[in-house]
Each structure stands twice: as structure tokens, then as C-alpha cells.
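**Student:** build me a model:
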Amino acid sequence: MSQSKLVMTAEDLTAFLEHEFPQVHKDFLVEEVAPMRLRVRLKVEERHLRPGGTVSGPSMFALADVAVYLATLAMIGPVSLAVTTNISMDFMRKPAANTDLIAETRILKLGRLLSVGDVLLFSEGVAEPVARASMTYAIPPSK
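**Tutor:** As a prediction, this is how the structure comes out:
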């Protein structure tokens, strides 16, 4: 599989999310797309917080999951049925409650049936990551 050519732009990915995932598309903003890389923002709101005034683990997981999904689709096109098959996530620091989270994503390997990605999550304006995730997506076979 070609690992140097984008198939979908930030605008394409945003439109895809809006159409396929209308329930959550407004939570995420695709900021930058490059071959095998993507940056996406979680627009943190009250509903993303947990007791103690920090972003919840499920919200951070969702950001990492969406980031690898979109980075994969940027390279292969709009394949709705690509699914997460594995994730390992480390929560390293308490994210700031009143700032957005940014996911910096790299696709490490893109094959015909699997995409393996790595994500660092950052609180906006903070240099140290708050979490790290390694994720594998299954890509359905082409017809």
C-alpha cells in the first residue's frame, strides 16, 4: 500500500465524520493531515470532565481512537467499517480541565488489512504529553 500519498484531506475527513458519526463529529477538529500523520483536537467541554476537574479517561480514549481512525482513512479513503482491534494506553499526567486536548498521530505501519498507529495526547499549550496510545485498526478487505 502506498505510504506517501494522502487520499483524504482535513476537509474530507471532517465531512466523513459529520456524515458517519453525527453523534460526536462536533467534538473533534481535524487540524492537520500529512502522509502517515494527523493532528486532531478534542474540544473539551463539561461533559468530557470527571470528578476532580480533569478530562475523563473515556474522552481521552475516544480522541486517540478517532485520531488513528482518521489518520488511517486519510491514507486509504473513506472505509467506514475499519475497526479498532487493539489498544494500549498509558495515562501519564493529569490533563488540564479547561483546555482542549490535542492528538499527534503517526501511522507506523499501513498494510492491506492492518494499520498500526501511535498517538501522543497533549493539553493545549503544555509540552509534556498527558497520555500515549498504541492502536491497531483492521481494514476490511477490498471487494
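**Student:** which regions of this protein lie under the pLDDT threshold?
**Tutor:** For the chain, residues meeting the criterion pLDDT under 70 lie at 1-3, 143.
**Student:** secondary structure element for the spatially most central residue of it, which one?
**Tutor:** The chain has residue 67 as the residue nearest its centroid, 1.0 Å off, counting by C-alpha atoms, centre = their mean. Following DSSP states H and E, one finds residue 67 within helix 57-76.
**Student:** cool, and residue 103?
**Tutor:** Assigned by DSSP H and E, residue 103 falls in strand 101-110.
**Student:** for that strand, what is the distance to the chain centroid?
**Tutor:** 7 Å (C-alpha atoms, centre = their mean, to the nearest Å).
**Student:** please apply the same query to stretch 90-97.
**Tutor:** 17 Å.
**Student:** burial of the closest residue to residue 83 other than its chain neighbours, as a residue count?
**Tutor:** Computed as C-beta to C-beta, 6 or more residues apart in numbering, the closest residue to residue 83 that is not its neighbour in sequence is residue 138, at 5.4 Å. (Glycine included, C-beta is placed from N, CA and C.) Per other C-beta atoms under 10 Å, the neighbour tally for residue 138 reads 14.
**Student:** just residue 111 next, same as before
**Tutor:** Neighbours around residue 111, by other C-beta under 10 Å: 10.
**Student:** tell me the secondary structure for residue 19?
**Tutor:** helix (DSSP: H, G, I helix; E, B strand; the rest coil).
**Student:** that one and residue 105, how far apart?
**Tutor:** 21 Å (C-beta to C-beta, to the nearest Å).
**Student:** compare these two and say which is more crowded by neighbours.
**Tutor:** residue 105 (28 against 11).
**Student:** and the residue nearest to residue 34 when sequence neighbours are not counted, what is it in contact with?
**Tutor:** Closest residue to residue 34 apart from its sequence neighbours, by C-beta to C-beta, 6+ apart: residue 6 at 7.4 Å. Residue 6 is in contact with 33, 34, 35, 74, 75, counting by C-beta atoms under 8 Å, 6 or more residues apart in numbering.
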